[in-house]
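> Build me a structure from this.
(one chain, ligands or ions: 1)
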Amino acid sequence: MKETSDESDGDRANVRLRFMAFTIRRASVDDARAIAVVHVESWRTTYSGIVPDAFIAGLSEEKSTETWKEQRTDGDGFLFVAEDQSGIFGFVSGGKLRAALEGYDGELYAIYLLRAHQRQGAGRLLVKALTEAMRGKGFMSMAVWVLAQNPAVSFYKRLGAIQIAKQTIEIGGVQLTELAFGWPTLDSGLN
Ligand SMILES: CC(C)(COP(=O)(O)OP(=O)(O)OC[C@H]1O[C@@H](n2cnc3c(N)ncnc32)[C@H](O)[C@@H]1OP(=O)(O)O)[C@@H](O)C(=O)NCCC(=O)NCCS
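Residues are numbered from 1 along each chain as shown. This is a model prediction of the structure:
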């Protein structure tokens, strides 16, 4: 909650309490376009200066929409969105671990929020929704890959994840270091 002063006549300030109300819910196929818009926009603000500009310029909301539609209709995996009165501003996706990491069975594939909505608690709640859903389906643990230069590293650490692996990947012709963080158990909830 933030307190904002929106009017002042000298002696008196009209104080308005602004509640940052938002909802976390499972995504439907109809949300694919809104998720793609968030994905592409958040990619641009997050990775500019890390990933080559040409690669970022080539991102397409249309292509991304198709990917998210498939993600939603193929039945596998989990997808949650965060929305407020202005619409969807963030999402998280996860499911079965894609590339083997010893001791891990689940993976957080992606979590992206529009910049204006970051650092207000939605990321933590999205991860919580994902881990609860995954635990409900029998997953024991969860890993996530993140570029070493991404400040999101601090977010995962804050949520109790530990570094478990490291690799070099190529994006747009540039070699980048990617780190895997993991939550070895999902049973006690996240920090
Ligand atoms: C990373 C991201 C999902 C985090 O979500 P968020 O809503 O901003 O984070 P929250 O407000 O829920 O923060 C939870 C905790 O992590 C901390 N944290 C979040 N981002 C942080 C950062 N960049 N640096 C340091 N700490 C951070 C918060 O301070 C908070 O700690 P607290 O409980 O002690 O206050 C969001 O910032 C984002 O979408 N970033 C851009 C996209 C991205 O990098 N995605 C990850 C790709 S691997």
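> A strand includes residue 30, no?
No: using DSSP: H, G, I helix; E, B strand; the rest coil, the assignment for residue 30 is helix, not a strand.
> For this protein, list the residues in contact with the ligand, please.
Contact residues (C-beta under 6 Å from any ligand atom) of the chain with the ligand: 42, 46, 111-113, 118-124, 146, 150-152, 154-155, 158. Every residue, glycine included, has its C-beta placed from N, CA and C.
> Which residues does the nearest residue to residue 97 once chain neighbours are set aside form beta bridges with?
Setting aside the residues directly before and after it, residue 97 is nearest to residue 107 in space (C-beta to C-beta, 6 or more residues apart in numbering), at 4.7 Å. Taking DSSP bridges as the rule, residue 107 bridges to residue 95, residue 143.
> Check residue 163 too.
residue 181.
> measure it to residue 96 for me?
21 Å (C-beta to C-beta, to the nearest Å).
> One more: residue 51?
26 Å.
> These two - which one has more neighbours?
Counted by other C-beta atoms under 10 Å, residue 51 and residue 96 do not tie: residue 51 has more neighbours, with 20 against 13.
> Run a quick check on that one versus residue 171, I expect a contact.
Yes: in this structure, residue 51 is within contact of residue 171 by C-beta atoms under 8 Å, at 5.1 Å.
> Residue 119: neighbouring residues, count only.
10.
> Spatially, what comes nearest to residue 157 if we skip its sequence neighbours?
residue 181 (7.3 Å).
> Read off the pLDDT value for that neighbour.
Residue 181 is assigned 98 on the pLDDT scale.
> give me every residue that touches it.
143-144, 146, 153, 156-157, 161-164 (C-beta atoms under 8 Å, 6 or more residues apart in numbering).
> does residue 131 sit in a helix, a strand or a coil?
Per three-state DSSP, residue 131 ends up helix.
> Now do the contacts for it.
Taking C-beta under 8 Å, 6+ apart, we find residue 131 in contact with 142, 183, 186, 189-190.
> Let me know the pLDDT of the residue in the chain that the ligand sits nearest to.
Using C-beta to the nearest ligand atom, the closest approach of the chain to the ligand is made by residue 123 at 1.9 Å. Residue 123 carries a pLDDT score of 97 in this model.
> What about the residues of the chain next to the ligand, which are in helices?
42, 46, 122-124, 152, 154-155, 158 (DSSP state H).
> Roughly how far does the one residue sitting closest to the centre of the chain sit from residue 58?
The centre of the chain sits closest to residue 111, judged by C-alpha atoms, centre = their mean, with a distance of 1.4 Å. According to C-beta to C-beta, residue 111 stands 22 Å off from residue 58.
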